[in-house]
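Peer 1: Sequence below, structure please.
(one chain, ligands or ions: 1)
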Amino acid sequence: MLKRIYLLVAAVVVLAVVLGGLLAADQVRTLHTTLTEDRLVAAIRTAEAELGAGRTAAEAVSLVASGFGRGTGEDRWVRLTLVDRQGVVLADSEEDPAAMDNHRLRPEIAQAFDTRVTGRHIRRSPTLEVDMLYLARYSAERDLVVRAAIPLSDYNQTLRAILWRLSLVLGGSLLGLLAIGLLVTRWIGRPLRELRDAALQAADGRLDIHVAQLPELDRDTEVGQLARAFDTMRDRLRSILSELEDRNARLDAILDSMDEPLAAVDVDCGVTFLNAAARDAFFDGKPLPDRCMPLLAVIRNGEAERILALTLSTRTPQHGEARIETRKGRRIYRIHAAPIGSRGAMAAFSDMTEIVRLQQVRSDFVANVTHELKTPLTSIRGFIDTLRRGAVRDPEVVSRFLDIIDIEAERLHALISDILTLSEIESSQDVQDREAMDLTALVDDVLVLLDEAASRRRVTLVNGPPPAGGKPDGAAGETAIGSDEEAVPEPFPIRANRLRIHQLLMNLVDNAVKYNREGGTVWIWGERALGGRVTLHVRDDGPGIEPEHQSRIFERFYRVDRGRSREMGGTGLGLAIVKHIAQLYRGAVSVESVPGQGAEFLVSLEV
Ligand code: ADP
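Peer 2: Take a look at the predicted model:
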């Protein structure tokens, strides 16, 4: 920029000096010509005066010529000539007039006769062989022309000398001006350069330099004011940048704190943003690289790509569902995509896996319930039909059929009551009506209720843990309540809902009796765990549960042996009820079993 200004200034200076020189030369030339012509006019006037005074033509020209330098060695001598109308030379200060040819057609002489005033011409004199300026003046009194001439050699020489000096002066001044211009532009340029460097550094992100404080800057000059304006602008820029950074950080924190994965894409560059949840789900938790990545390389799913591509091309929100492979396995996402700006789009991925699973569980449950209800009903209707068709007349058959109908009705009742219990527990958010109670006493109540069933199967019920070390060995055929015959179980205070804990224990102990071997033992005891939790243990020494069934027995209607469960009057809902009661108390239920060596159910509860 400064270079350009300098070159421009230099060009202007050169032009001005050259033009000035030419004008000055022209002026000098004009001045010199005027002075020379004045000299010739003076010589002509003097000659005319001499003629008027009565001198002859020859006398007059020789007198005036010597008066104007002829013969004195002066360079600017004047030649005088008198010519009549016919062009005959009457007298000449340099030559013999008789030897001179006719001068009527000499341009200056012809002009003077024609205009009857003056004539003027510059040419080389053939007689003297020098460039001469001729000035002729018509004398009406005598009808002749007095011509004066002066050699131009001296005139050219003088002019050249003047022009040479002028050129020297102008050239010198030009060089001086250029040098000064160079220095000035450097001097002006220095703060400008500082300013430029600071601007470049600011562009690189270094916003901490105060340009107005640089030593080269005079605060009161325009450049100083520019520097102050620059500083103000940079301060503003810095505050805007930090505000933007803050906002971005806040936005990133908000987006990263969201559980839902979010992805932003751009028409030109594929994926431009993933929040923490999206990185975790689709990108192995790695940060998004700086280079552009196509959506398919990040979220390997054609449907997600189709939804986002449609959003980008139509610039309208799009929705859809996709099953996407994530770090945690295949998940079902509902995708909501919306355009952002003119070239981008954003997609939110709502995880529907659990909802879809629950919907499936619910419809499976309905199908199971229908099936479970239908079985005893079909059986009851079948027996009633048979009775109607004549069997009613055989009292023995009637009694047997009625017993079966009673059992089936009882099963229906048990099923309906378990379904109701389950839905009741599921719909309650927290434990209602907690009361202080003694777990040992509650176990006793349960054991009393199950006493008859246990006796039928010669199963021993023990209110307490099995003896440490050796293999548990219950007293076959008896129902003993207590860790062993001698030990008296200690009270175990808890705060809970009596009905729920009762239901929980009933289901577990009932199973332990039902699925036990003949003559087996069941131990029931509680244990205080860390954090005020209690673990309930129900252990039996029956056949136990194969590992592949252990994780599934808590599902509704899941049975290891359907026939056995039916035969035992099971509904398939007992352990599901236990699981839900445990969850009500922010707990869980699990089973430990080695097939052939019994099973132990552990329920941890906050009670
Ligand atoms: P059910 O009404 O069939 O007893 P549950 O939900 O109570 O239903 O139990 C599910 C299944 O778990 C039972 O059908 C049975 O096969 C198995 N099970 C439960 N408790 C025991 C146990 N103590 N020993 C062996 N198997 C058991």
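Peer 1: contacting residues around residue 29?
Peer 2: Residues in contact with residue 29 (CB atoms under 8 Å, 6 or more residues apart in numbering) are residue 159. Quick note: C-beta positions are derived from backbone N, CA and C, even for glycine.
Peer 1: Shouldn't it be within a helix?
Peer 2: Yes. With DSSP: H, G, I helix; E, B strand; the rest coil as the criterion, residue 29 is assigned to a helix.
Peer 1: Could you check the pLDDT of it?
Peer 2: Each residue has a pLDDT score; the one for residue 29 is 77.
Peer 1: repeat for residue 478
Peer 2: Taken from the predicted model, the pLDDT recorded for residue 478 is 39.
Peer 1: With the one 10 residues further on instead?
Peer 2: The predicted local confidence for residue 488 comes out at a pLDDT of 70.
Peer 1: part of a strand, is it?
Peer 2: No. Using three-state DSSP, the assignment for residue 488 is coil, not a strand.
Peer 1: what about it, how many residues close to it?
Peer 2: By other CB atoms under 10 Å, the residues close to residue 488 number 9.
Peer 1: Next secondary structure after the helix or strand harbouring residue 189?
Peer 2: Using DSSP states H and E, residue 189 sits within helix 152-203. The first helix or strand that comes after helix 152-203 along the chain, using DSSP H and E, is helix 222-257.
Peer 1: Distance from the chain centre to that next one, please.
Peer 2: 16 Å (CA atoms, centre = their mean, to the nearest Å).
Peer 1: For that helix, buried residues please.
Peer 2: Taking 16 or more other CB atoms under 10 Å as the basis for neighbour counts, the residues of helix 222-257 that come out buried are 223, 224, 226, 227, 228, 230, 231, 234, 255.
Peer 1: tell me what the helix holding residue 189 is packed against?
Peer 2: helix 2-52, strand 131-139, helix 222-257 (3 or more CB pairs under 8 Å, 6 or more residues apart in numbering; DSSP states H and E).
Peer 1: Looking at these, spot the one closest to residue 174.
Peer 2: helix 2-52 (4.6 Å; CB to CB).
Peer 1: quick one: what helix or strand has the residue positioned nearest the centre of the chain in it?
Peer 2: Nearest to the mean C-alpha position of the chain, by CA atoms, centre = their mean, lies residue 272 at 7.3 Å. Under the assignment given by DSSP H and E, the secondary-structure element containing residue 272 is strand 270-274.
Peer 1: for the record, mean pLDDT for that strand?
Peer 2: Computed over strand 270-274, the average pLDDT equals 92.
Peer 1: Just the angle for that strand relative to helix 222-257, thanks.
Peer 2: Compare the direction of strand 270-274 with that of helix 222-257 by axes from the mean of the first three to the mean of the last three CA atoms, to 10 degrees and you get 80 degrees.
Peer 1: Residue numbering should commence at 36 henceforth.
Peer 2: Let's use 36 as the start, then, which means that last one is strand 305-309.
Peer 1: which residues are in contact with strand 305-309?
Peer 2: Residues from elsewhere that reach strand 305-309 (CB under 8 Å, 6+ apart): 296-301, 317-318, 323, 327-330, 332-334, 379.
Peer 1: Look up phi and psi at the closest residue to residue 595 other than its chain neighbours.
Peer 2: With CB to CB, 6 or more residues apart in numbering as the measure, residue 584 is the residue that lies nearest to residue 595, at 4.8 Å, once sequence neighbours are left out. Its backbone dihedrals place residue 584 at phi -100, psi -20, with angles given as degrees, to the nearest 10.
Peer 1: swap in residue 386?
Peer 2: The phi and psi values for residue 386, taken as degrees, to the nearest 10, are phi -80, psi 110.
Peer 1: from what I can see it touches residue 370, true?
Peer 2: No. In this structure, residue 386 is not within contact of residue 370 by CB atoms under 8 Å, at 11.0 Å.
Peer 1: Tell me which of the two has more neighbours.
Peer 2: Here residue 386 and residue 370 are set side by side on neighbour count (other CB under 10 Å), and the busier one is residue 370, at 24 against 19.
Peer 1: tell me which element the more buried one is part of?
Peer 2: When elements are assigned from DSSP H and E, residue 370 belongs to strand 364-375.
Peer 1: That strand: how far from the chain's middle?
Peer 2: On CA atoms, centre = their mean, the centre of strand 364-375 falls 22 Å from that of its chain.
Peer 1: Partner strands of it and their direction?
Peer 2: According to DSSP bridges, strand 364-375 has the following sheet partners: strand 353-361 (antiparallel), strand 379-386 (antiparallel).
Peer 1: Checking residue 130 next. Helix, strand or coil?
Peer 2: coil.
Peer 1: Can you report how many residues lie near it?
Peer 2: Each residue near residue 130 was counted by other CB under 10 Å, and the total is 14.
Peer 1: For it, give me phi and psi.
Peer 2: Dihedral angles phi and psi of residue 130 (degrees, to the nearest 10) take the values phi -120, psi 170.
Peer 1: how about the residues of the protein that lie near the ligand?
Peer 2: Counting by CB under 6 Å from any ligand atom, the positions of the chain adjacent to the ligand are 542, 546-547, 550, 575, 577, 580, 588, 593-596, 600, 605-611, 634.
Peer 1: please redo it, this time with the cut-off set to 5 Å
Peer 2: Selection of the chain residues close to the ligand by CB under 5 Å from any ligand atom yields 546-547, 550, 580, 588, 594-595, 600, 605-607, 609-610, 634.
Peer 1: Of those residues, which pair is most distant in space?
Peer 2: Using CB to CB for every pair in the residues of the chain next to the ligand, the one that comes out farthest apart is 606 and 634, at 19.0 Å.
Peer 1: still on that earlier bit, and the strand holding residue 370, what's buried?
Peer 2: By neighbour count with 16+ other CB under 10 Å, strand 364-375 contains the buried residues 366, 367, 368, 369, 370, 371, 372, 374.
Peer 1: which of the helices and strands packed on helix 187-238 has the lowest average pLDDT?
Peer 2: Sorting the helices and strands packed on helix 187-238 by mean pLDDT places helix 37-87 lowest, at a mean of 84.
Peer 1: now it against strand 166-174, angle please.
Peer 2: 50 degrees.
Peer 1: Is residue 572 in a helix, a strand, or coil?
Peer 2: Three states are possible here, and by three-state DSSP the one that applies to residue 572 is strand.
Peer 1: quick one: low-confidence parts of the stretch 436-585 of the chain?
Peer 2: Within the stretch 436-585 of the chain, the set of residues satisfying pLDDT under 70 comprises 504-522.
Peer 1: try the stretch 136-285 of the chain
Peer 2: If you take pLDDT under 70 as the line, the stretch 136-285 of the chain has these spans: 189-190, 247-254.
Peer 1: Over in it, which residue gets nearest the ligand? Let me know.
Peer 2: Nearest residue of the stretch 136-285 of the chain to the ligand, counting by CB to the nearest ligand atom: residue 285, 50.7 Å away.
Peer 1: And the stretch 236-385 of the chain, by the same measure?
Peer 2: Closest to the ligand within the stretch 236-385 of the chain is residue 364: 27.0 Å, counting by CB to the nearest ligand atom.
Peer 1: residue boundaries of the helices in the stretch 436-585 of the chain?
Peer 2: Assignment of helices within the stretch 436-585 of the chain using DSSP state H, counting those that start in this stretch yields the ranges 474-491, 533-549, 582-585.
Peer 1: Out of those, flag the one nearest residue 342.
Peer 2: helix 582-585 (39.8 Å).
Peer 1: how near is the residue nearest to residue 102 when sequence neighbours are not counted to residue 125?
Peer 2: Ranked by CB to CB, 6+ apart and with sequence neighbours excluded, the top spatial neighbour of residue 102 is residue 81, at 6.5 Å. Distance from residue 81 to residue 125, counting by CB to CB, to the nearest Å: 17 Å.
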